[in-house]
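Colleague: Pasting a predicted model and its sequence here:
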Amino acid sequence: MWARKPERDLLQSTQRTAWTSAKGGPEPDDEELVSLSKRLVEDAVFRAVQQYMEETQQNGAAPKDEAPPPLTTNK
């Protein structure tokens with residue numbers, strides 16, 4: 001499904017950042033923070049899709065190929 005394991009990459013980056021911060025080193029730069037944020041979002045979406053697929057299979061319901069209803073905002 002995924003070519004890489006996002007949680008492994010995220011864990012390694014998080015550990016590296018924590019190690020750098022603990023050592024009193026420089027703070028992570030904006031580029032690294034953006035990269036970490038993107039990986040967090042990718043991981044969350046991946047897990048949500050996995051959970052959805054598992055739940056629909058358990059319930060015996062096939063996922064529908066429909067777009068969700070548009071979001072409406074109350075102004």
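Modeller: Yes, it's here.
Colleague: Does anything pack onto the host helix or strand of V49? Which helices or strands?
Modeller: V49 is part of helix 30-58, with elements assigned from DSSP states H and E. Contacts defined by 3 or more CB pairs under 8 Å, 6 or more residues apart in numbering; DSSP states H and E place helix 30-58 against helix 6-22. Every residue, glycine included, has its C-beta placed from N, CA and C.
Colleague: Just checking, which helix or strand of this protein averages the lowest pLDDT?
Modeller: Lowest by mean pLDDT, DSSP states H and E among the helices and strands of the chain is helix 6-22, with a mean of 60.
Colleague: buried ones in the helix holding V49?
Modeller: 36, 39, 42-43 (16 or more other CB atoms under 10 Å).
Colleague: helix or strand for T73, which one?
Modeller: Assessed by DSSP H and E, T73 sits outside every helix and strand.
Colleague: ok, now which ones touch it?
Modeller: Listed by CB atoms under 8 Å, 6 or more residues apart in numbering, T73 has no contact partners.
Colleague: Kindly provide the distance from it to A67.
Modeller: Per CB to CB, to the nearest Å, T73 is found 18 Å from A67.
Colleague: With E27 instead?
Modeller: From E27 to A67 the distance is 41 Å (CB to CB).
Colleague: Pick out whichever of the two has more residues nearby.
Modeller: E27 (10 against 6; other CB atoms under 10 Å).
Colleague: for that one, helix, strand, or coil?
Modeller: Secondary structure, DSSP: H, G, I helix; E, B strand; the rest coil: E27 is coil.
Colleague: Relative to E32, how far out is L40?
Modeller: 13 Å.
Colleague: My error: substitute P26 in the last question.
Modeller: Counting by CB to CB, the gap from P26 to E32 is 10 Å.
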